[in-house]
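[1] Turn this into a model:
(one chain, ligands or ions: 2)
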Amino acid sequence: MRFVDSSRKEFIDHLKHFVHPSEEISIPAQLVGREDELGKLRDCFETNGAHAFVWGLRGVGKTSLVHTACAKYSDTVKLAAAVGCQKRSTYQELLKDIYRRATNSGIVNLNDSSIKGKLSLFGVMTLEGEKGGFREQLQIDSVNHASDFLNTILPKDLYTDQEWVIIVNEFDQLENQETINFFTSLAKQMSVDKVNVKFVFCGVASNLNDLIGSHESVDRYIKAVDLEPLNHTYTLRIAENIFQEFDVEPSRGQMFRISQIASGYPHFVHLIVGEILKECYETSFHMRSIGADIYKSSIKRAARGAATRLQKEYENATRKGTDRYIEVLWAAADGQLLVKQFKSIRSGWSSPTEVVLRYV
Ligand SMILES: Nc1ncnc2c1ncn2[C@@H]1O[C@H](COP(=O)(O)OP(=O)(O)O)[C@@H](O)[C@H]1O
Ligand SMILES: [Mg+2]
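    Ligands and ions are numbered 1, 2, ... in the order given. Presented below is the predicted three-dimensional model:
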């Protein structure tokens, strides 16, 4: 696409299709560098009784991986519902969300009288509310009950033989241990009951055991898919792929710097590239290479956008009643690797200003 020949609407539509820092990808051609992890999910989809847990840090691409895997392996699986957890979500609420989403999208066919009849066994009724709205009442008393419930609303499709997938996102948000235990036990029970539904849990963690506990035999039926930040070649490719769609060709140096700043997080590549493209459009850009002025001001805007989100994390990490952790955090960030021995942090101690100056 050429910026000067496009209307604003055309440009924004094109931008939204290729650049989405905060919205997951579900188009296989857009997911870069995750072949191994896609393969692990495919294995899990093809194994009876297996569920998956995709874990890694925020912005590394967990949700994108799972949605893309469902699209890519659509001959094996079919997405039934994706739900997100909150701090105090109970298992009843999450099951209700799953039910509501699968019903609203027409996946659970309430016109099918046999399903309707069976649902009354689970206390699921649609009642007419005061203003003519509908309300479901769902009372699930045990893990066995929940397993039967999911088997009822998501029966096996005998024609396609696909398995249903339920994505439970932001699992790390849950503070309610009862909900965590319920879902890990439910996954196991569904494997035992041969229910045709797979859970894919996603959560921010640096260690999976912190999230689901080291509950014995968990790993027999929940397969862990660990997402590391992408390597440099891949973050570079994400930027190249997007720029190509807009006929823009930044210099090698500019591309490397974008990839370096993103440090393996595709979220940041999308953020920076998006700012550069918007600035190109605003300035009626008509060349292929990008001048230092557009490049620098776009990076600054992307950094400001990211800083709002990171500011709170920074404060949580440093302000534990005192400011003395600021130095520790900056010293830990002083280098490529964030995993460091305390000893090496102490010996390489730098002040925040020293570190910032080195990186600008
Ligand atoms: N492998 C990838 N290739 C290209 N872009 C990606 C990839 N993984 C994620 N992204 C982009 O990065 C952003 C963050 O990904 P997301 O799946 O939301 O991360 P997470 O769920 O781990 O927080 C998404 O909006 C998506 O556009
Ligand atoms: Mg996510």
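
[2] CA only for contacts and neighbour counts going forward, please
    Noted.

[3] quick one: contacts of stretch 149-168?
    45, 66, 70, 74-85, 98-99, 107-108, 115, 118-119, 122, 195-202 (Cα atoms under 8 Å, 6 or more residues apart in numbering).

[4] Which segments of the protein make up each domain?
    3-19+231-359, 34-227 (automatic domain parsing).

[5] Kindly reformat those domains as a markdown table containing distance to ligand 1 and mean neighbour count.
    Shown next, in a markdown table, are those (distance: least, Cα to the nearest ligand atom, whole Å; neighbours: other Cα atoms under 10 Å):
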| stretch | distance to ligand 1 | mean neighbour count |
| --- | --- | --- |
| domain 3-19+231-359 | 4 | 16 |
| domain 34-227 | 3 | 17 |
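
[6] Out of these, which is closest to Pro28?
    domain 34-227 (5.6 Å; Cα to Cα).

[7] if you average pLDDT over the closest one, what comes out?
    Averaging the model's pLDDT scores along domain 34-227 yields 86.

[8] end-to-end on that domain?
    9 Å (Cα to Cα, to the nearest Å).

[9] distance between it and the chain's centre?
    The chain centre lies 15 Å from the centre of domain 34-227; the measure is Cα atoms, centre = their mean, to the nearest Å.

[10] and if you look at stretch 280-297?
    31 Å.

[11] Between the two ends of that stretch, how far is it?
    11 Å.

[12] Same check on stretch 65-85?
    18 Å.

[13] Can you tell me what sits against that stretch?
    Contacts of stretch 65-85 (Cα under 8 Å, 6+ apart): 24-28, 31, 34, 37-38, 41-42, 45-46, 54, 94, 97-98, 101-102, 107, 154, 160-171, 173-174, 200.

[14] Okay, and which of these map to helices?
    Glu37, Leu38, Leu41, Arg42, Phe45, Glu46, Leu94, Asp97, Ile98, Arg101, Ala102 (DSSP state H).

[15] helix or strand right after the helix or strand harbouring Gln244?
    Using DSSP states H and E, Gln244 falls within helix 232-245. Helices and strands here follow DSSP H and E; after helix 232-245, the next one along the chain is helix 252-262.

[16] by how many degrees do that next one and helix 232-245 diverge?
    120 degrees (axes from the mean of the first three to the mean of the last three Cα atoms, to 10 degrees).

[17] which residues touch the residue most central in space within the chain?
    Nearest to the mean C-alpha position of the chain, by Cα atoms, centre = their mean, lies Thr63 at 2.5 Å. Going by Cα under 8 Å, 6+ apart, Thr63 touches Glu24, Ile25, Asn169, Cys202.

[18] before we move on, what about Ala52?
    Ala52 sits in contact with Leu41, Cys44, Lys198, Phe199, Val200, Phe201, Ile222, Lys223, Ala224, Val225, where contact means Cα under 8 Å, 6+ apart.

[19] Greatest separation within those: which pair is it?
    It's Lys198 and Val225 that sit farthest apart of these, by Cα to Cα, at 14.5 Å.
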